[in-house]
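K.L.:
could you look at this predicted model? Sequence included:
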Amino acid sequence: MQLIDKKQIVKHEKCGDTMLPKSIDKKCGHCARIVNFNLDWYSDSTEVMFTTSRCSGCGEISRFYLVEIKENEDGMYTGDLYISPVAFEDRKMIEGIEITKEFSESMFRAYKSAVNVYNLGEWSATVVLCRRLLEGITKSLLPESEQGKPLYRQLELLSSHVELQKPILTLAHAIRVGGNLGAHFDLEREPDESLSRFAVDLLDYIIEYLYILPRRIEQLHTHIEELPNKIN
Ligand SMILES: [Zn+2]
């Protein structure tokens, strides 16, 4: 069960002296899409109320509980609303990522958008944005003369400009292919939750390898150099 934030309750309905949550924008615990749940309440218990609502996306049923029903300042009764089952927590941006000379503001924005649309359950948009950021990263690592080439070719050229291990390039190609799947309409093969999750996961690995790790290693070196030399 998870407490629903008051901001996610978009409409209330007055029933006697009780304000009942009527319309909720919330991530569905079954399909992980943000949908609107319409709530109809039948019982009028003064302590706990219960109802169910069907997801407009996947059609599965979620349960809603209104508890701790108390009188507020306006003399109306309201309570805390809980939902079950609970969707996965929103995905966060990788820890330690920030705008730097190497990781530009526009790359940061593209990364933030990819994580946001993933959290909204927009799978095609997620893989497309992951691919776009990969393109941004690749371009930033290549000389200008190579930047107009197709992404596939740019990735091949990368290893001659930066020191990259083969697994990282394989990851990059996987994101590229996933992004193509999102960008071109294909009735048979549509990106789903797991493909989007893989794409964002892989992107996180690449960002960590290229931008976060080098900085941490440098910080560690500086720290070691600054340690008092106990041998002398
Ligand atoms: Zn659903």
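P.N.:
Thanks, I have the structure now.

K.L.:
partner residues bridging residue 65?
P.N.:
residue 50, residue 82 (DSSP bridges).

K.L.:
show the contacting residues for it.
P.N.:
When contacts are counted by Cβ atoms under 8 Å, 6 or more residues apart in numbering, residue 65 touches 1, 48-50, 81-82, 84. Bear in mind the C-beta positions are built from the backbone N, C-alpha and C, glycine included.

K.L.:
what residues does stretch 184-192 touch?
P.N.:
Residues contacting stretch 184-192 (Cβ under 8 Å, 6+ apart): 123-124, 126-127, 178, 181-182, 199.

K.L.:
can you map out the strands along the protein?
P.N.:
Counting by DSSP state E, the segments of the chain that form strands are 2-3, 9-15, 18-27, 34-38, 49-54, 61-71, 77-84.

K.L.:
wait, does the third one contact the ion?
P.N.:
No. Counting by Cβ under 5 Å from the ion, the ion has no neighbours in strand 18-27; the shortest distance is 8.6 Å.

K.L.:
next, the buried residues of stretch 101-111.
P.N.:
The neighbour-count check on stretch 101-111 (16 or more other Cβ atoms under 10 Å) flags 103, 107-108, 110-111 as buried.

K.L.:
nearest to the ion, of these?
P.N.:
Of all the buried residues of stretch 101-111, residue 111 has the smallest distance to the ion: 26.7 Å, by Cβ to the ion.

K.L.:
for the residue nearest to residue 211 when sequence neighbours are not counted, give me its contacts.
P.N.:
Among residues not flanking residue 211 along the chain, residue 103 sits closest, at 4.9 Å (Cβ to Cβ, 6 or more residues apart in numbering). Residues counted as contacts of residue 103 (Cβ under 8 Å, 6+ apart) are 97, 207, 211.

K.L.:
give me the number of residues near the first one?
P.N.:
Neighbouring residues of residue 97 were enumerated by other Cβ atoms under 10 Å; the total is 17.

K.L.:
can I see the domain layout of this protein?
P.N.:
Residue ranges for the domains of the chain, per automatic domain parsing: 2-84, 105-226.

K.L.:
I appreciate the help and will end here.
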